[in-house]
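Peer 1: Quick check, what structure comes out for this input:
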Amino acid sequence: KYGFDPVYIKSTTPITLSASDESGVRETRYKVGISGDCLDYSGAFAVSVAGTNEILYYSVDNAGNVETARMLSVYVDDVAPETSIVVGSPSYISGLNAWVRGFTEITLSVDDSPGSGTTPGSPGSGTLGSSYSVDEGALMQYAGAFTLLTEGRHTVDCKSVDNLGNEEALKRGSFIVDET
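Peer 2: This is a model prediction of the structure:
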């Protein structure tokens, strides 16, 4: 889980409720969403509907006192962020290749709006980090613009992960550094 109001969770995140009272707790009840009846709580449950969900819950003690119902807002985010490779100037893009100079800056842009897979325009849990590699080398933590200095063909692989651990597959860009 991550954040507060709403709390960002994955659809596999177990939700647990607990209550205590001097007379003991007779029952705890809950429901997910605004419609339908409350269910008896008997153990951890998960919320599988993508996007914002409201969980209403309350307990009753052994003396019959009913707790004021509480509400928890959770946002289910199972969608990985999407990373794009942004090519600065000077550059020329044709098909799957980008011709660049050795000083052309390459940056990564990350979108963690799970709207691509759930609700358009919805906020994601946020990007934890991005990484990239050049010419199939070791992945490096992305910290800002970089350049490809040597003449010839190059590949840039990149990916990002969000605050819930949703990680995208590697994406690849092809570049040709042309200094002649």
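
Peer 1: For the rest of this, base every contact and every neighbour count on C-alpha atoms.
Peer 2: OK.

Peer 1: Per-residue pLDDT of residue 2, please?
Peer 2: We have a pLDDT of 65 for residue 2.

Peer 1: Distance check, the residue positioned nearest the centre of the chain against residue 25.
Peer 2: Here the mean C-alpha position of the chain is nearest to the C-alpha of residue 162 (Cα atoms, centre = their mean), at a distance of 3.9 Å. According to Cα to Cα, to the nearest Å, residue 162 and residue 25 sit 38 Å apart.

Peer 1: rewinding a little: state the distance from the residue nearest to the centre of the chain to residue 35.
Peer 2: 31 Å.

Peer 1: elements contacting the lowest-mean-pLDDT helix or strand in the chain?
Peer 2: Least confident element among the helices and strands of the chain, by mean pLDDT, DSSP states H and E: strand 7-9 (a mean of 91). Here strand 7-9 touches strand 70-76, going by 3 or more Cα pairs under 8 Å, 6 or more residues apart in numbering; DSSP states H and E.

Peer 1: CA atoms only for the strand it packs on - export them in CSV, please.
Peer 2: This file holds the C-alpha atoms of strand 70-76, laid out as CSV (Å, rounded to 0.1, in the frame of the first residue of the first chain):
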residue,chain,number,x,y,z
ARG,A,70,-16.0,4.7,9.3
MET,A,71,-15.0,5.1,5.7
LEU,A,72,-11.7,4.3,4.0
SER,A,73,-11.0,5.4,0.4
VAL,A,74,-8.7,3.1,-1.5
TYR,A,75,-7.5,3.3,-5.1
VAL,A,76,-6.7,0.0,-6.8
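
Peer 1: by contact count, what packs against it?
Peer 2: strand 7-9, strand 51-61.

Peer 1: now do 10 Å
Peer 2: On a contact count with 3 or more Cα pairs under 10 Å, 6 or more residues apart in numbering; DSSP states H and E, strand 70-76 meets strand 7-9, strand 25-32, strand 51-61.

Peer 1: Between strand 25-32 and the last one, find me the angle.
Peer 2: Angle of strand 51-61 versus strand 25-32, following axes from the mean of the first three to the mean of the last three Cα atoms, to 10 degrees, is 160 degrees.

Peer 1: quick one on the thing from earlier: what does the least confident helix or strand of the chain contact?
Peer 2: Around strand 7-9, the neighbours that count as contacts under Cα atoms under 10 Å, 6 or more residues apart in numbering are 1-3, 15, 46-48, 50-53, 72-78, 123-126, 163-164.
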